[in-house]
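Asks: here is the input, now give the coordinates:
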Amino acid sequence: MTDAYVDACCIIYLVEGTAAWRTAVEARLRTLPSATGLVTSRVSRLECRSKPMRDGDAALLGRYDATFAKLRVLDVTAAVIERATELRARYRFRSPDALHLATALESGVDVFLTGDAELARCTEITVALLTTASAAP
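Replies: Predicted coordinates:
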């Protein structure tokens, strides 16, 4: 089975993004083999759920929880921290971005889905960059 890592921005696009971004993520997910498992990191839960929690938006939190229930959420291990440190030093990524990439690499996924063009600089993994143009038929 192949796996695809879903960056936090993709989850945000799915749950509360504009129609164009939601369509872009959905279209890209449809191109994956049917046996593909979708994974993300606990860092995504932090990034996605912080604002609705701060705002007391229970409905939005519920939508995020439903989305996370469909994903395999991976822990941030010591190996992930070490790999993230290397990626942050090499590419000068922000810590959360380095943690996402490191989690994907350590888990052995085949592709990293993101809307952040900066992350495509990472040569250690196939980065699938989402754009609203990718939603076009």
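
Asks: in the one helix or strand L105 maps to, which residues are buried?
Replies: Under the criterion of DSSP states H and E, L105 resides in helix 95-107. The neighbour-count check on helix 95-107 (16 or more other CB atoms under 10 Å) flags P96, D97, A98, L99, H100, L101, A102, T103, A104, L105, E106, S107 as buried. C-betas here are computed from N, CA, C, even on glycine.

Asks: which intervals of this structure have sub-threshold pLDDT?
Replies: 1, 35, 133-137 (pLDDT under 70).

Asks: wait, what's in contact with the residue of it most remote from its centre?
Replies: The centre of the chain is farthest from one residue, G56, which by CA atoms, centre = their mean lies 23.8 Å away. Applying CB atoms under 8 Å, 6 or more residues apart in numbering to G56 gives no contacts.

Asks: just the one 5 residues further on next, same as before
Replies: With contacts defined as CB under 8 Å, 6+ apart, the neighbours of L61 are R49, P52, M53.

Asks: please pick the buried ones from those residues.
Replies: Buried members of the contacts of L61, counted by 16+ other CB under 10 Å: R49, P52.

Asks: all helices of the protein, in order?
Replies: Taking DSSP state H as the test, the helices found in the chain are 8-16, 19-30, 42-55, 58-68, 78-91, 95-107.

Asks: point out the most buried one among those.
Replies: Highest mean neighbour count among the helices of the chain (mean count of other CB atoms under 10 Å): helix 95-107, with a mean of 23.

Asks: against which helices or strands is that helix packed?
Replies: Contact analysis of helix 95-107 by 3 or more CB pairs under 8 Å, 6 or more residues apart in numbering; DSSP states H and E lists strand 3-6, strand 37-41, helix 42-55, helix 78-91, strand 111-114 as its packing neighbours.

Asks: which residues are contacting the first one?
Replies: Translated: strand 3-6. 29, 32, 36-41, 44, 71-72, 100, 103-104, 107-113, 128.

Asks: re the thing from before, quick one: closest of the helices and strands packed on helix 95-107 to T123.
Replies: helix 78-91 (9.2 Å; CB to CB).

Asks: returning to that earlier point: now the helices of the chain as CSV including distance to L119?
Replies: Shown next, in CSV, are these (distance: least, CB to CB, whole Å):
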stretch, distance to L119
helix 8-16, 10
helix 19-30, 15
helix 42-55, 13
helix 58-68, 21
helix 78-91, 9
helix 95-107, 6
